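Peer 1: quick one: sequence plus predicted model below, questions after.
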Amino acid sequence: MIEIPTLDTLYQAMAHVAARLLRREATVLIFLPGKGEIIQFRELLTKAEGVDDRWVVTLHADLEEDELRWARRVTKHPKAILSTSIAESALALPEVDHVLDSGRSRRLHAQMDVVTVRDHQSSESEGKQRECRAGRVKPGCSTRFESTETKRDERMDDVDMDTDWWNGRTL
């Protein structure tokens with residue numbers, strides 16, 4: 001795990017590492033909390049020297065079927081797959097060489113008929129699930145980043161889906 005002081009510098013550090021991996025011809029799966037962070041991260045990554053914006057694809061729940069196929073397509077060149085938690089278990093991405101995990105998750109919370117969306121530090125089980133996305137059909141590795149500005153009590157415990165339908169609902 002790599003600890004970084006703020007979320008801004010965390011994303012900058014992740015983009016730097018992702019760019020280096022792409023230049024070394026590795027396919028990288030990058031976990032980010034939501035679509036907004038994916039858009040911002042894409043902009044940050046494509047500004048890096050030697051990164052072709054055609055190598056950077058997004059993966060989130062708002063994509064159309066053809067866009068999902070494009071993100072999952074095996075290529076002859078390296079690519080960066082910027083994803084929400086949708087890639088934790090729902091999709092097979094066999095070509096991933098390295099996982100970069102922001103350590104952040106976005107969840108719906110319901111309290112007194114009000115549903116809110118909050119970001120949290122990912123649970124241990126989410127981290128393990130993300131880590132296992134690399135090395136499916138060839139050797140791979142994973143790096144988890146964590147912001148020290150994130151409060152420790154923000155960490156989500158593993159959720160019991162039977163107690164409350166909204167808990168554990170990932171965006």
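Peer 2: On my side now, so go ahead.
Peer 1: only C-alpha atoms for contact and neighbour calcs from this point on.
Peer 2: Will do.
Peer 1: if you skip the residues just before and after it, what's nearest to Cys132?
Peer 2: Leaving aside its sequence neighbours, Cys132 sits nearest to Ser142 (C-alpha to C-alpha, 6 or more residues apart in numbering; 8.0 Å).
Peer 1: wait, is that neighbour part of a strand?
Peer 2: Yes. Assessed by DSSP: H, G, I helix; E, B strand; the rest coil, Ser142 belongs to a strand.
Peer 1: quick check: the gap between it and Glu64.
Peer 2: According to C-alpha to C-alpha, to the nearest Å, Ser142 stands 28 Å off from Glu64.
Peer 1: kindly report the same for Lys138.
Peer 2: Distance, Lys138 to Glu64, by C-alpha to C-alpha: 29 Å.
Peer 1: could you do Pro139 as well?
Peer 2: Distance, Pro139 to Glu64, using C-alpha to C-alpha: 31 Å.
Peer 1: where do the helices sit along the protein?
Peer 2: If DSSP state H is used as the criterion, the helices of the chain fall at 7-23, 35-46, 65-72, 124-131.
Peer 1: centre-most residue in this structure?
Peer 2: In the chain, the residue lying closest to the centroid (C-alpha atoms, centre = their mean) is Phe31, at 0.7 Å.
Peer 1: does that residue touch Arg106 like I think?
Peer 2: No. Using C-alpha atoms under 8 Å, Phe31 is not in contact with Arg106, being 11.2 Å away.
Peer 1: beta partners of Arg144?
Peer 2: Beta-bridge pairing of Arg144 under DSSP bridges involves Asp101.
Peer 1: that one: how many residues sit nearby?
Peer 2: Residues contacting Arg144 under the criterion other C-alpha atoms under 10 Å number 19.
Peer 1: list the contacts of it.
Peer 2: Contacts here follow C-alpha atoms under 8 Å, 6 or more residues apart in numbering; on that basis Arg144 touches 1-2, 100-103, 127.
Peer 1: again, only using 7 Å
Peer 2: By C-alpha atoms under 7 Å, 6 or more residues apart in numbering, the contact set of Arg144 is 1-2, 100-103.
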